[in-house]
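K.L.:
Model the following, please.
(one chain, ligands or ions: 2)
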Amino acid sequence: MKISVLVTGGAGYIGSHTCIALAEAGFTPIILDNYGNSSPKVMERLARITGQAAPLAIEGDVRDRALLDRLFAEHEIGAVIHFAGLKAVGDSVADPLSYYDNNVYGSLVLAAAMRSAGVRTLIFSSSATVYGEPDESPIPEDAPTRPANPYGRSKLMVEEAYGDLGRSEPGWRIALLRYFNPVGAHESGLIGEHPQGKPNNLMPFVSQVAVGQRPHLTVHGGDYPTPDGTGVRDYVHVMDLAEGHVAALRHALAHEGLLTLNLGTGRGGSVLDVVAAFERACGKSVPRVIGPRRPGDVPAYWADPSAAKAVLGWEARRSLDQMCADSWRWQSGNPNGY
Ligand code: NAD
Ligand code: UDP
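P.N.:
Ligands and ions are numbered 1, 2, ... in the order given. Sure, this is the predicted structure:
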């Protein structure tokens, strides 16, 4: 029998791509999303991509305990993948309470509802931001955690709460996945990332410049101690990440206990590497100007993804060129999103 997986935030960027990987792996995703940063229109795209019925999607909030209890009672749910949350670092500094409410309180309500329902398999979206400014790269999972903003602290608080929960009683199967920089889109070009307003992140910004919606990219700093002076990150294709969730889910279903894993490629790419790869993908030049450093930015970091390979047998397969080609296919085909 197919196992149903509750995917909170499943209409969002990473969640929607993960729903494809889940469906392709024989799971049945059930989406819970408040559409605060997404659109129900993604469902029809998911159906087109998978050739299966659109996932069941429930509009609602992870902080709504009564709704969660109803969901667990009405559906035979075997596991939960918890993406729902807020993710803009700058907003978290301006409005920390909404981040602690949504990300921390929401995660606690969800875990309590799971506990009551007897569902104890949980995959959680954490972030490399929990490391803050690392002492060295590649970053292993046992590196110190010292997040530098409320968003990162909200993720670390949930990691700690879920860790304590997992150790408090037998039966829990919890994977805390620390993503590096997810980019790209499904290769069909039918789903992808569509930030509201001006993008904060590099890849959506470059995409919008390439499609003509913005005049140029501002490179935040050209004088870092990196090979070309620009910031270095570990960009990982969103479909590789999606497949990492399926691998973590399979592992959790087969093994009790708590896992904390980095999901990244293990390679760093600079801002100018991304621009060059994007120019190859779209066949146009991406105008850019070098601006000042962005306050709070770490010069360079990338993952040590060897634990995910050893434990899950997962490793990122897609190149930076493919990340850019797929982003471009999505952006050029859907310049205004869904
Ligand atoms: P996203 O905003 O596209 O997806 C989040 C989804 O959750 C959205 O569909 C939103 O409407 C929904 N949501 C938010 N709060 C909710 C709530 N209280 N109840 C129900 N639904 C709610 O973001 P994403 O990039 O897909 O990120 C998914 C998760 O991964 C987040 O938890 C994020 O913090 C984490 N993460 C993202 C990145 C990244 O760079 N994109 C990196 C590391 C970790
Ligand atoms: N960046 C940039 N211009 C932009 C957005 C980002 O130069 O408009 C740089 C940023 O300084 C960093 C890299 O691109 O070195 C990745 O930034 P992003 O915000 O995508 O990810 P994060 O900094 O959160 O890892």
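K.L.:
what does the stretch 101-250 of the chain have sitting close to ligand 1?
P.N.:
102, 106, 125, 127, 179, 182 (CB under 6 Å from any ligand atom). Placement of C-beta: from N, CA and C, glycine included.
K.L.:
give the contact list for the first one.
P.N.:
Residues in contact with Asn102, defined by CB atoms under 8 Å, 6 or more residues apart in numbering, are 63, 84-86.
K.L.:
filter those down to the ones near ligand 1?
P.N.:
63, 84-85.
K.L.:
on that earlier part again, out of the residues of the stretch 101-250 of the chain next to ligand 1, flag the one nearest to Gln196.
P.N.:
Within these, proximity to Gln196 (CB to CB) peaks at Asn102, which comes in at 15.6 Å.
K.L.:
By neighbours, which of the residues of the stretch 101-250 of the chain next to ligand 1 wins?
P.N.:
Ser125 (28 neighbours; other CB atoms under 10 Å).
K.L.:
Local confidence estimate at the residue lying closest to it once chain neighbours are set aside?
P.N.:
Computed as CB to CB, 6 or more residues apart in numbering, the closest residue to Ser125 that is not its neighbour in sequence is Phe83, at 4.9 Å. As predicted, Phe83 sits at a pLDDT of 98.
K.L.:
and what of Glu187?
P.N.:
98.
K.L.:
Identify the residue nearest it in space, chain neighbours excluded?
P.N.:
Asp326 (5.4 Å).
K.L.:
just to revisit the earlier point, how about the contacts of Asn102 in TSV, adding secondary structure and neighbour count?
P.N.:
Converted to TSV, the contacts of Asn102 look like this (DSSP: H, G, I helix; E, B strand; the rest coil; neighbours: other CB atoms under 10 Å):
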residue	secondary structure	neighbour count
Arg63	coil	17
Ala84	coil	29
Gly85	coil	24
Leu86	coil	18
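K.L.:
what's the closest of those to Glu159?
P.N.:
Looking across these and measuring by CB to CB, the closest to Glu159 is Gly85, at 12.7 Å.
K.L.:
So what does the closest one have for phi and psi?
P.N.:
phi 170, psi 180 (degrees, to the nearest 10).
K.L.:
doesn't Gly9 make contact with it?
P.N.:
Yes. Gly85 is in contact with Gly9 according to CB atoms under 8 Å; the separation is 6.6 Å.
K.L.:
Report the set of residues contacting both of these two.
P.N.:
Joint contacts of Gly85 and Gly9 (CB under 8 Å, 6+ apart) are Ser125.
K.L.:
In the stretch 1-150 of the chain, which residue sits closest to ligand 1?
P.N.:
Gly12 (2.0 Å; CB to the nearest ligand atom).
K.L.:
Tell me which residue is most central in this structure.
P.N.:
Using CA atoms, centre = their mean, the residue of the chain that lies closest to the mean C-alpha position is Ile14, 4.7 Å off.
K.L.:
That one sits in which helix or strand?
P.N.:
helix 13-24 (DSSP states H and E).
K.L.:
Please pull up the helix or strand immediately following that helix.
P.N.:
Helix 13-24 is succeeded, C-terminally, by strand 28-33 (DSSP H and E).
K.L.:
what separates Tyr87 from Asp223, distance-wise?
P.N.:
Just so we're on the same page, residue 87 is Lys rather than Tyr. Relative to Asp223, Lys87 is positioned 28 Å away (CB to CB, to the nearest Å).
K.L.:
Between those two, which is the more surrounded one?
P.N.:
When Lys87 and Asp223 are compared for neighbours, Lys87 comes out ahead with 23 against 11, by other CB under 10 Å.
K.L.:
was I right about the more buried one contacting Tyr151?
P.N.:
Yes. The pair Lys87 / Tyr151 is scored as a contact, 6.7 Å apart, by CB under 8 Å.
K.L.:
Just give me the longest helix of this protein.
P.N.:
helix 150-168 (DSSP state H).
K.L.:
Give the burial count for the one residue in the stretch 201-338 of the chain that gets nearest to ligand 1, as a bare number.
P.N.:
When distances are taken as CB to the nearest ligand atom, the stretch 201-338 of the chain reaches nearest to ligand 1 at Asn201, 6.6 Å away. The tally of other residues near Asn201 (other CB under 10 Å) stands at 16.
K.L.:
Confirm for me that it is in contact with Pro182.
P.N.:
No. Asn201 lies out of contact with Pro182 (CB under 8 Å); the separation is 9.4 Å.
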